[in-house]
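Engineer: Predicted coordinates and the sequence they were generated for:
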Amino acid sequence: MPKLTIDGREVEVLKGITVLQACELSGVEIPRFCYHERLSVAGNCRMCLVEMERAPKPIASCAMPVGEGMVIKTDTPLVQKARQGTMEFLLINHPLDCPICDQGGECDLQDQAMAYGYDRSRYSENKRAVAEKEMGPIVKTVMTRCIQCTRCVRFATEIAGVEEVGLVNRGEHAEITTLEKAIDSELSGNLIDVCPVGALTGRPYAFHARPWELRKINSIDVMDAVGSNIRIDARGRDILRVLPRLHERVNEEWLADKSRYAIDGLKKARLDRPYLRDVEGKLKPCSWDEAFDLIAHKMLALDGTEMAALAGDLCDGESMMALKLLMQSLGVPNIDCRQDGAKLACDPAGDAEAGFLFNSGIAGVEEGDAILLIGSNPRWEAPLINARIRKRSLEGDLSVGMIGPAPDLTYAYEHLGEGPDALAALARGEGAFAEILAKAEKPLLILGQGALARPDGCAILALARQVAERSGMAGEEAPDSWNGFNVLHTAAGRVAGLMMGFLPQAGGYELEGILASCEEGTVKLVYLLGADEIDTARLGKAFVIYQGHIGDAGANRADVILPGAAYTEKNGTYVNTEGRVQLARLAVFPPGDAREDWTILRALSARLKMPLPFDNIGALRKLLIDSNPRFGKLDRQIPGVWGAFGAEGPLDPTPITSPILNYYRTDPISRASATMAACSAAFVTGSGEATGIHG
């Protein structure tokens, strides 16, 4: 490892890093605008200039690799003068917009002008003006503020994989442009984060607040099953914005657009009081006592086999555990958390967790050298996992195969077929891609819900397991500490439900059986815990209790509505697609009479004279851990136990499709969001219908 001297102190650093990185590692701050740790080096802002012994002029430290014996000086009069000159040039054309700029208080240019800039300007020329650019419903532009650092260009090209942002012209006429085209990427909001000035800001957040007015709460995103770490910024009772938090193993420092900007849906169609449906079929507000009395009357008059419960995609672990315990006390075997009908946990032993987890881990995608996608469009189902695959593909020596749909994934792949017959051929070891998987050192497979939410889902799951074992990505033939069998979930609450066993009990019905029984009239009461993605028309004449926070499909069908809390309004446990247990935090209180979901179920159990065995969230979490020790291992990714799962059976030749038809409208919150509606109109152009989900 090379040794160099930085400001009179000798340090030893890794070979291949830059002088800027070496200075940072030694504790010396180097100002920069164009340099970003996750983007390629541009070296065009010149703010990171330092003095190097025997160099004729200051060097750009972001672009200079370290070398043995280098002597670097970062705070000499020459360096200070160079930085002041650079800042002076940058500010020649920069407008005095700080009082009205949304970047004010969080602006790199403000901070570095104070720390490293000159206290006056020698230029009196007129400032240039640049026309605004069209970047879509999410990114607001004020391009006169742009300093041409090209971070946005590099992010769009390298991370997002959409070459729709570029730098045109030269010199004083240089400007960033999209050629008047909206940025069609599910990661476009990250352009706002990487912009060091106020040229790119959030359109939905524009002119709403200053950063020092906001309370900042660390939490977890639930718009998909990635479990991105987020920071919720709130003022009073309003959620004003959501930003990413750094988590190298999950979302790095990026965040998907729906996770950022669907939050305006939390203010629309909110359920803030209990409702009862009257004899005329209209929902009328009522008190909690009236709602509980009617529910208790209905439940106590029925046998357990005549009732059912379904948990939705956004449910936290505590609320599902409380509902499961309540159903058990009533003798109800008909419970299910798979409201898309995915054939998961259909294993003979019932203990092979590897059959429903993303076992390699999200970061493990970067270790793979061959990837097989089955029935999944990761660009819409999990944009941050798709970005990981693209990141790995840019390193080279990666083969990607696709069975199912053939969307633009921002990287090259081989389309192997649309139906399960292509997967059966791989399971038999046939075809060129089967050889690629067999020769790969760390192959991995990503099985999407589109392949599992079919009548032959169990058979497809069994075939995927055979492919994994044949190719050595899992099982006895796999390398030590490597399990490349991955199930990609689309629902934030699904893995927690599977882990705690929120599944049909002995003799109970799964989703299809519950709906069919409702149509027949044998199931007479259904409890929907935030379940909005089912076909509510199939509930027949059943008495429906809906507990949730948005007036979506479930609430429209309900006979009783119990207002719950959104993910920003409660402390809850969520388990992401890789089995990582994380805690979401309360940022604001629920509106009106709405309450946290587990407290509603606890109060209902008391009205039924069957009080659940907990009185606080700590006791409830202990019950969660008792149901599965994984719930006690916070922020850890552990591959599941490998075993037999899936079941051989006939295959349906129908092509496998992705479960998501419209990325921007997949759940009650995003469907209520005006921002997501604008994005849907701009990028999806009407496909996906109203819900964005098959079925």
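Structural biologist: Arrived safely, thanks for sending. Residues are numbered from 1 along each chain as shown.
Engineer: any idea of the pLDDT on the closest residue in space to E418 that isn't next to it in sequence?
Structural biologist: With sequence-adjacent residues excluded and distances taken as CB to CB, 6 or more residues apart in numbering, E418 is closest to P655, at 3.7 Å. The C-beta positions use only the backbone N, C-alpha and C, and glycine is treated the same way. pLDDT recorded at P655 is 95.
Engineer: now the helices: where do they sit in the stretch 401-550 of the chain?
Structural biologist: Under the criterion DSSP state H, counting those that start in this stretch, the stretch 401-550 of the chain carries helices at the ranges 420-427, 432-439, 449-452, 457-471, 494-500, 511-520.
Engineer: For the first one, which helices and strands make contact with it?
Structural biologist: Applying 3 or more CB pairs under 8 Å, 6 or more residues apart in numbering; DSSP states H and E, one finds that helix 420-427 contacts strand 399-403, helix 432-439, helix 457-471.
Engineer: ok now the last one, how far from the chain's centre?
Structural biologist: When C-alpha coordinates are averaged (CA atoms, centre = their mean, to the nearest Å), helix 457-471 and its chain have centres 27 Å apart.
Engineer: can you start the count at 468 instead of 1 from here on
Structural biologist: Happy to do that; since the first residue is 468 now, the last one works out to helix 924-938.
Engineer: Could you check the angle it makes with helix 899-906?
Structural biologist: Interaxial angle, helix 924-938 versus helix 899-906 (axes from the mean of the first three to the mean of the last three CA atoms, to 10 degrees): 60 degrees.
Engineer: Next, the buried residues of helix 924-938.
Structural biologist: Residues of helix 924-938 classed as buried: 924-938 (neighbour count, 16 or more other CB atoms under 10 Å).
Engineer: out of those, who's nearest R859?
Structural biologist: S938 (17.7 Å; CB to CB).
Engineer: thought the closest one was touching A905?
Structural biologist: Yes - counting by CB atoms under 8 Å, S938 does reach A905; the two are 5.4 Å apart.
Engineer: Which residue is the nearest non-sequential neighbour of R1074?
Structural biologist: Of all residues not flanking R1074 in the chain, F759 sits nearest, at 4.3 Å (CB to CB, 6+ apart).
Engineer: ok, and what's touching the one helix or strand the one you found maps to?
Structural biologist: For F759, the host element (DSSP states H and E) is helix 755-767. Under the criterion CB atoms under 8 Å, 6 or more residues apart in numbering, residues 741-743, 774, 797, 992, 1010, 1012, 1027-1029, 1060, 1070-1071, 1074-1075 lie in contact with helix 755-767.
Engineer: try 10 Å this time
Structural biologist: The contact list for helix 755-767 (CB atoms under 10 Å, 6 or more residues apart in numbering) reads 740-744, 751-754, 773-774, 793, 797, 799, 991-992, 994, 1010, 1012, 1026-1030, 1060, 1062, 1067, 1070-1077.
Engineer: Whichever of the residues you listed end up buried, select them in ChimeraX.
Structural biologist: Burial among the contacts of helix 755-767 is assessed by 16+ other CB under 10 Å; the matching ChimeraX selection reads:
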select :740,741,742,743,744,753,773,774,793,797,799,991,992,994,1010,1012,1026,1027,1028,1029,1030,1062,1067,1070,1071,1072,1074,1075,1077
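Engineer: can you tell me which of the contacts of helix 755-767 are in strands?
Structural biologist: In this view, the contacts of helix 755-767 that belong to strands under DSSP state E are 742-744, 751-752, 774, 992, 994, 1010, 1012, 1027-1030.
Engineer: which phi and psi does A1025 have?
Structural biologist: Main-chain dihedrals, A1025, degrees, to the nearest 10: phi -70, psi 150.
Engineer: Could you single out the nearest of the buried residues of helix 924-938 to A527?
Structural biologist: Closest approach between the buried residues of helix 924-938 and A527, by CB to CB: S938, at 45.8 Å.
Engineer: pretty sure that closest one is in contact with I838, am I right?
Structural biologist: No - contact between S938 and I838 fails when scored by CB atoms under 10 Å: they sit 11.5 Å apart.
Engineer: just so I know, which of the helices of the stretch 868-1017 of the chain lies nearest G732?
Structural biologist: When the helices of the stretch 868-1017 of the chain are compared by CB to CB, helix 961-967 sits nearest G732, at 20.6 Å.
Engineer: Who are the packing partners of the closest one?
Structural biologist: Contacts defined by 3 or more CB pairs under 10 Å, 6 or more residues apart in numbering; DSSP states H and E place helix 961-967 against strand 774-778, helix 784-797, strand 952-955, strand 1039-1042, strand 1048-1051, helix 1084-1094.
Engineer: closest to T611 out of these?
Structural biologist: Closest to T611 of the helices and strands packed on helix 961-967 is strand 1048-1051 (CB to CB; 39.5 Å).
Engineer: Please point out which parts of that closest one sit buried.
Structural biologist: Buried residues in strand 1048-1051, counted by 16+ other CB under 10 Å: V1048, Q1049, L1050, A1051.
Engineer: Now do stretch 1062-1081: distance from first to last residue.
Structural biologist: Counting by CA to CA, to the nearest Å, you get 17 Å between the two ends of stretch 1062-1081.
Engineer: still on that earlier bit, quick check: neighbours shared by S938 and I838?
Structural biologist: In contact with both S938 and I838: L904, A907, P910, L911, L912, G951, using CB under 10 Å, 6+ apart.
Engineer: out of the ones in strands among the contacts of helix 755-767, what pair is the most spread apart?
Structural biologist: In terms of CB to CB, the ones in strands among the contacts of helix 755-767 reach their longest pairwise distance at P752 and M774, which sit 25.5 Å apart.
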